[in-house]
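Enquirer: Predicted model and sequence below, questions to follow.
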There are 2 protein chains.
Amino acid sequence: MMDPVSAQNRRGDTALKILAAARDVFSERGFAGTTVDEIARRAGVNKATLYYQIGDKQTLYAGVILDVMGSAADTTASEIQNATSPEEKLRTYIRNVAEAMDRNPWMPPIMLREMAAGGRNFPETVVLGLARIFTILGEIIAEGVRRGVFVPAPPPLIHLMIVGAFAFFKTSAPLRERQAGLGGDWPAGEDRVSGTVATEVERLVLRALRKTPGEAG
Amino acid sequence: MMDPVSAQNRRGDTALKILAAARDVFSERGFAGTTVDEIARRAGVNKATLYYQIGDKQTLYAGVILDVMGSAADTTASEIQNATSPEEKLRTYIRNVAEAMDRNPWMPPIMLREMAAGGRNFPETVVLGLARIFTILGEIIAEGVRRGVFVPAPPPLIHLMIVGAFAFFKTSAPLRERQAGLGGDWPAGEDRVSGTVATEVERLVLRALRKTPGEAG
DNA sequence: GCCTTTTTCAACCAAAAGTTTAAACTAACC
DNA sequence: GGTTAGTTTAAACTTTTGGTTGAAAAAGGC
């Protein structure tokens, strides 16, 4: 009998290779647009191995969704703790979303396609993660309002504006390259979002939320 | 020989029926996810008729894209003229995007999926329309800055925030129904965007752009 | 050398999908 | 009423795809 540890390792290795390839292809072509053969080809693995290791296309996709969309909530939640003022928390929040998308470039396309499908393929844990993010944002804003530095605003809308801007910006790289003027001041080929873009979004969102001196509320 | 008029009419009729069905199915399932059979079935037409009238799946999809994404720029451009102040123009801009999405519910899913694909299927005219919208928004902001009522801001980012918020809100209706707390204060089942949502976005964007009394710039 | 797990190879199947062909139908026109 | 161009249909054809299988080979610890 094979050593269970190294057996586990080998199993884990190929499974990870397959997951990574699936993540690539699914994020490029969407669920219906990808073929299992293509995933196996890119993973450098036989199709039968893929079925042996993981299962059918649906199972594979579910794994990718969880992998790509699942981690966002946790990291955001933990990092917010370190910030002190509501302004800093909000900045951290925005910067976190931006960094998550740069670190995880598969997220924007998959998120866009899944939202186009009404999010019906999101597993329960992902939806709960989303709800938690909204709660966090809601608490940040509520605290700001309580302290008299923010005006009230609907958290889901703020979140959608932030995420929408980042996701669209990232996926629009080919468009910006194709048509001058679509990118504004950004240098062509820049598809990172945690730099200038995030700074700009921070500025805009904070201007929108910050209570101006003399404002009622 | 058939009367060319009624012939044209019949041809136009079935072609429109097919286009409408294609629009429905493509917006629900995306390009790769839809079958030509399903389109023909929903159009109440034989599959061969579809090929006779329009062509293959690609051609059909190109027609839908043009139909769904093509009109946005023109209507926006014309309506902006009527507004006077930069503030009013910006409000009109935002309200226009919102109304376009309510009037044309196929747009958000198709836009999201196409953006996920890097906009590579957008025909030239659609991309030019997008560029024109950015130009319009840029002029509104520039005028506001010149008159001392706005602070400078990157037009593409503003646009992406607006469109992102609206598109995500519209497609997230099933998610909001599934999970309480995702919708904030909005009543469940409300998926219109040109009402409260647009008002809220107007408020936020104007707060972000408006120069506060005493602000330099 | 034996045994278990893993991977490959090849083929297969059934279902589905895109496309085409030839025949049937429709309606104006002589 | 028959002709004819335009239109629609039924049915087939071709290719692709997802899924499965069975046997063989490789890998690697014992």
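Expert: Thanks, I have it.

Enquirer: buried stuff in the host helix or strand of A:Arg29?
Expert: Assigned by DSSP states H and E, A:Arg29 falls within helix A:4-33. Residues of helix A:4-33 classed as buried: A:14-15, A:17-31, A:33 (neighbour count, 16 or more other C-beta atoms under 10 Å in any protein chain shown). (Each C-beta comes from the backbone N, C-alpha and C, glycine too.)

Enquirer: Between helix B:4-33 and that helix, find me the angle.
Expert: Relative orientation of helix A:4-33 versus helix B:4-33 (axes from the mean of the first three to the mean of the last three C-alpha atoms, to 10 degrees): 170 degrees.

Enquirer: list the helices and strands helix A:4-33 packs on?
Expert: Judged by 3 or more C-beta pairs under 8 Å, 6 or more residues apart in numbering or on different chains; DSSP states H and E, helix A:4-33 is in contact with helix A:36-43, helix A:47-53, helix A:57-69, helix A:107-116, helix B:4-33.

Enquirer: For the shortest one, which outside residues touch it?
Expert: The reference is to helix A:47-53. Outside helix A:47-53, the residues that touch it by C-beta atoms under 8 Å, 6 or more residues apart in numbering or on different chains are A:Arg11, A:Thr14, A:Ala15, A:Ile18, A:Val36, A:Asp37, A:Ile39, A:Ala40, A:Ala43, A:Leu60.

Enquirer: how about those residues in a markdown table, adding pLDDT and distance to A:Pro109?
Expert: Output for the contacts of helix A:47-53, formatted as a markdown table (pLDDT from 0 to 100; distance: C-beta to C-beta, whole Å):
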| residue | pLDDT | distance to A:Pro109 |
| --- | --- | --- |
| A:Arg11 | 55 | 29 |
| A:Thr14 | 87 | 25 |
| A:Ala15 | 90 | 23 |
| A:Ile18 | 94 | 19 |
| A:Val36 | 93 | 19 |
| A:Asp37 | 94 | 21 |
| A:Ile39 | 95 | 16 |
| A:Ala40 | 95 | 21 |
| A:Ala43 | 94 | 19 |
| A:Leu60 | 94 | 17 |
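
Enquirer: For DNA strand D, state which of those residues is nearest.
Expert: Using C-beta to the nearest atom of the strand, A:Val36 is the member of the contacts of helix A:47-53 that lies nearest DNA strand D, at 4.1 Å.

Enquirer: Not including adjacent chain positions, what is the nearest residue to that closest one?
Expert: Distances taken as C-beta to C-beta, 6 or more residues apart in numbering or on different chains place A:Lys57 nearest to A:Val36, at 5.5 Å, with adjacent residues excluded.

Enquirer: just A:Leu209 next, same as before
Expert: A:Phe150 (4.7 Å).

Enquirer: and the contacts of helix A:47-53, which two are the farthest apart?
Expert: Spatial extent of the contacts of helix A:47-53 (C-beta to C-beta) is set by the pair A:Arg11 and A:Asp37 at 21.8 Å.

Enquirer: tell me, how many neighbours does whatever residue of chain A ends up closest to chain B end up with?
Expert: Evaluated by C-beta to the nearest C-beta, chain A has A:Gly164 as its residue closest to chain B, separated by 1.5 Å. A:Gly164 has 23 neighbours, counted by other C-beta atoms under 10 Å in any protein chain shown.

Enquirer: helix, strand or coil for it?
Expert: helix (DSSP: H, G, I helix; E, B strand; the rest coil).

Enquirer: what's the angle between the helix holding A:Arg29 and helix A:57-69?
Expert: Helix A:4-33 runs at 100 degrees relative to helix A:57-69, counting by the same axes, to 10 degrees.

Enquirer: State the number of residues packed around A:Asp37.
Expert: Counted with other C-beta under 10 Å, the neighbours of A:Asp37 add up to 10.

Enquirer: roughly how far apart are the residue lying closest to it once chain neighbours are set aside and DNA strand C?
Expert: On the basis of C-beta to C-beta, 6+ apart, the spatially nearest residue to A:Asp37 that is not a chain neighbour turns out to be A:Lys47, at 6.1 Å. Distance, A:Lys47 to DNA strand C, by C-beta to the nearest atom of the strand, to the nearest Å: 6 Å.
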